[in-house]
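[1] Sequence first, then the predicted structure, then my questions.
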Amino acid sequence: MNIPALRQKIDELDQRLLALLNERAELSSSVGRWKQAHQEPVFVPEREEALMRTLVAANRGPLTSSGLRAIYREILSSSRACQKAFSVACLGAAHSAAWHAVRLRFGASDRVVPVETASELLRALEEGDAEVALLSRSDLLKAYLPKKGVLRNELGTRLFICGEVRLSDALPDDAQKSPLTAEDLAHQHDARFELPAGDDDISFLSIPQAVVDTAFKPINGSHRGAAASEPESGSAVASLLRQTTAHAGDAVFFLLSRRPVPEGPHLKTLVCISAPRGEEMDSVLRELMSASDIITTTWDTLSHGSKPGHVCHHLELEGAVAQSVVEAALVPASDKITIKHLGFYPETQVYG
């Protein structure tokens, strides 16, 4: 078949796709009217992730799973817009890591509302300026601190974790995918750099200047002007960035909403344990969790700002784990700790 004939078939398929997309949008508008009548939220993350899992399982290619998810990110974004104007508040300015995390998870039809403080983020949710909010793991930890944490009393009561976004999952592994050299990176004073277009979900990622300073040492006393040595290929840069973001709290972001995600399959759970500081208590908690049937995927710890003798442990658990189950596992230490359940959220698939 010659190229004009192939292109004609593609054009015909595009017309059919357009008709189907508009038919889908009309159905979504009907769903939106039902949701408004029953005061149901526009954003239902567990439904979206279930849809993606079904589509990925049914996909036989040559469309890649990551490409399919990118396409449906925009379809779902447009679908939400057909139901109601949808906004996401993020704790961070435009083009910050938080802003890019929003763009990695949401689409062009979703409005981003950047805020500078946790108080503004809470206000945006309470006053309806945003349906969901996004903040980094480290900001979530800080938000839970006594006195200083303005979200402390809201988390797990009026605000619930409903999703996560991991920037590190979007970094390229392939040596051919990164056009940057170490010298390019060293020249980025604002720590913004370009990642390749294509299967990757983001175009820019913010990296702390300290990463650049640590990774690329100055030559002959010059600073940030050139790198002491250059990685052999773009994969070395990508590897450095992956290692950095893999251990940085700001590479992982959580979504908050006023609606808790109900129990179901393919979920994760976030809980906070406030406990006395000390290796002995830390060891006891870890041993008790290990002895239970609960699978802990991530364990973060932050010191209390106003209670020097205490720490907050934030645990990501596999599956939908109720607070009562966590409490039962930690009964031997129950007189010394407090446990707060912050919510269930869909486990997002990562595509290689």
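    Yep, it's here. Numbers count the residues shown, from 1 in each chain.

[2] Going by C-alpha atoms from here, please, whenever you check contacts or count neighbours.
    Fine.

[3] Quick check: which element contains residue 160?
    If you go by DSSP states H and E, residue 160 is part of strand 160-166.

[4] Can you tell me the strand partners of that strand and which way each runs?
    If you go by DSSP bridges, strand 160-166 pairs up with strand 252-257 (antiparallel).

[5] Next, the buried residues of the helix or strand just after the strand it pairs with.
    Proceeding N to C from strand 252-257, the next assigned helix or strand is strand 267-276, under DSSP H and E. By 16 or more other Cα atoms under 10 Å, the buried positions in strand 267-276 come out as 267, 268, 269, 270, 271, 272, 273, 274, 275, 276.

[6] Measure how far the strand holding residue 160 is from the centre of its chain, please.
    Computed by Cα atoms, centre = their mean, to the nearest Å, the chain-centroid distance of strand 160-166 equals 6 Å.

[7] Could you list the domains of the chain?
    As assigned by automatic domain parsing, the chain contains the domains 85-260, 267-346.

[8] Any idea which of those has the lowest pLDDT on average?
    Ranked by mean pLDDT, these bottom out at domain 85-260, which scores a mean of 63.

[9] That one: end-to-end distance?
    Using Cα to Cα, to the nearest Å, one end of domain 85-260 lies 21 Å from the other.

[10] could you pull out the helices for the chain?
    With DSSP state H as the criterion, the chain has helices at 3-37, 45-58, 65-83, 97-105, 118-126, 137-143, 182-186, 209-215, 234-246, 279-291, 323-329.

[11] so the first one versus helix 65-83, what angle?
    Following axes from the mean of the first three to the mean of the last three Cα atoms, to 10 degrees, one obtains 50 degrees for the angle between helix 3-37 and helix 65-83.

[12] Which strands or helices does helix 3-37 pack on?
    Applying 3 or more Cα pairs under 8 Å, 6 or more residues apart in numbering; DSSP states H and E, one finds that helix 3-37 contacts helix 65-83.

[13] What residues sit buried inside the helix it packs on?
    Buried residues in helix 65-83, defined by neighbour count with 16+ other Cα under 10 Å: 65-67, 69-70, 72-83.

[14] Check stretch 332-347 too.
    So, applying 16+ other Cα under 10 Å, buried residues of stretch 332-347: 337, 339, 340, 341, 342, 343, 344, 345, 346, 347.

[15] possible to save those as TSV with distance to residue 258?
    Formatted as TSV, the buried residues of stretch 332-347 follow (distance: Cα to Cα, whole Å):
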residue	distance to residue 258
337	26
339	20
340	16
341	14
342	12
343	11
344	13
345	13
346	16
347	19
